[in-house]
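Q: Turn this into a model:
(one chain, ligands or ions: 1)
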Amino acid sequence: MNPKISLRELDATTQAAVAKTRETVARWHAELPANNLVVWTAGNVSQRVAGTELFVIKPSGVRYDELAADNMVVCDLEGNKIADGTAETLRPSSDTAAHAYVYRHLPQVGGVVHTHSPYATAFAAVYQPIPCVLTMIADEFGGEIPVGPFAIIGDDSIGRGIVETLRESRSPAVLMGNHGPFTVGKDAKAAVKAAVMVEEIAKTVTFAKSLGTPRPIDPAAVDALWQRYQNVYGQPENYPDPN
Ligand SMILES: O=C(CO)[C@@H](O)[C@H](O)COP(=O)(O)O
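A: The predicted structure follows:
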């Protein structure tokens with residue numbers, strides 16, 4: 001707990017930004033069960049509060065149908081809950097330290113997601129990177145999806161493993177060994193999309209392996225696919241985003 005920071009004593013602009021981020025993070029948690037990425041409470045989403053040293057994350061162990069903006073927990077970038085208006089006893093996600101480490105060390109990251117989605121987690125269990133054998137992998141991940149080191153929850157070791165692995169890759173997803181996928185993005189929506197996509201392609205590659213040997217895409221083609229998808233696909237930046 002960081003009692004030194006009290007939400008109601010922050011300026012009105014920051015309070016408004018926190019309120020908007022709480023709504024956003026609550027909304028994107030609903031996509032985890034909706035996309036079959038979690039069972040029970042086994043996954044979490046966070047988003048940096050733009051322009052501040054704060055981020056918002058779900059409360060630990062709370063069912064997705066009980067999550068709402070007003071029970072989203074506000075933390076400083078060390079992962080300490082601030083006096084955010086929720087009950088003092090309401091604890092942030094057990095992965096808060098990992099999310100906080102990512103925000104401290106990857107300033108371009110605005111959203112983090114962790115799940116135990118079955119197909120991606122199976123690759124984490126056998127320490128197998130997901131090879132770049134599909135155009136959708138090249139589009140979204142820019143190459144193979146890497147495996148990160150095993151680390152026990154409770155300190156900065158998971159976060160350090162995520163950051164050190166992602167720094168060596170274009171991928172917004174890392175399969176933490178013996179644990180499961182963590183994904184990052186410019187915001188919670190982008191990180192949730194990466195979590196949905198990594199599970200989908202892990203499933204397809206698993207099926208492909210049962211049919212034969214998946215064939216990696218030529219690296220030059222991967223680069224071309226990734227550049228197009230990142231810079232041309234979809235609508236221009238100013239397209240009105242309802243979320
Ligand atoms: O991997 C773990 C626990 O080992 C966590 O990811 C939980 O599965 C989700 O925890 P909360 O966000 O509900 O604390």
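Q: What parts of the chain come near the ligand?
A: Within the chain, the positions adjacent to the ligand are 41-42, 44, 58, 60-61, 93-95, 114, 153 by C-beta under 6 Å from any ligand atom. (Each C-beta comes from the backbone N, C-alpha and C, glycine too.)
Q: of all those residues, which two lie farthest apart?
A: Pairwise distances across these (C-beta to C-beta) peak at 15.3 Å, for the pair 58 and 153.
Q: Could you list the buried residues of stretch 202-212?
A: 202, 204-206, 208 (16 or more other C-beta atoms under 10 Å).
Q: so where do the helices sit in this structure?
A: Per DSSP state H, the chain has helices spanning 12-29, 31-34, 96-105, 118-125, 135-141, 157-166, 188-211, 219-231. These are given in chain order.
Q: returning to that earlier point: go through the buried residues of stretch 202-212 and name the one nearest the ligand.
A: Closest approach between the buried residues of stretch 202-212 and the ligand, by C-beta to the nearest ligand atom: residue 202, at 17.5 Å.
Q: Find the nearest non-adjacent residue to that closest one, please.
A: Distances taken as C-beta to C-beta, 6 or more residues apart in numbering place residue 119 nearest to residue 202, at 3.7 Å, with adjacent residues excluded.
Q: count of residues packed around that neighbour?
A: 18 (other C-beta atoms under 10 Å).
Q: Over to the one 5 residues further on?
A: Residues lying near residue 124 (other C-beta under 10 Å) number 25.
Q: Next one: the spatially closest residue to it that is not a sequence neighbour relative to residue 148, how far apart?
A: Excluding the flanking residues, the one nearest residue 124 by C-beta to C-beta, 6+ apart is residue 175, at 4.0 Å. Residue 175 sits 7 Å away from residue 148, going by C-beta to C-beta, to the nearest Å.
Q: More neighbours: those two, which one.
A: Shown here are residue 175 and residue 148; by other C-beta under 10 Å, residue 175 has more neighbours (28 against 23).
Q: if I pick that one, what's in contact with it?
A: Listed by C-beta atoms under 8 Å, 6 or more residues apart in numbering, the contact set of residue 175 reads 120-121, 123-124, 129-130, 145-148, 181, 198.
Q: how about TSV for these, with pLDDT added?
A: Formatted as TSV, these follow (pLDDT from 0 to 100):
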residue	pLDDT
120	98
121	98
123	98
124	98
129	98
130	98
145	98
146	98
147	98
148	98
181	98
198	98
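Q: Among those residues, which one sits closest to residue 215?
A: Of the contacts of residue 175, the one sitting nearest to residue 215 (C-beta to C-beta) turns out to be residue 130, at 14.1 Å.
Q: Show me what the closest one bridges to in the sheet.
A: Here residue 130 sits in beta bridges with residue 145, going by DSSP bridges.
Q: Low-confidence ranges, this protein, go.
A: Scanning the chain for pLDDT under 70 picks out 1, 3.
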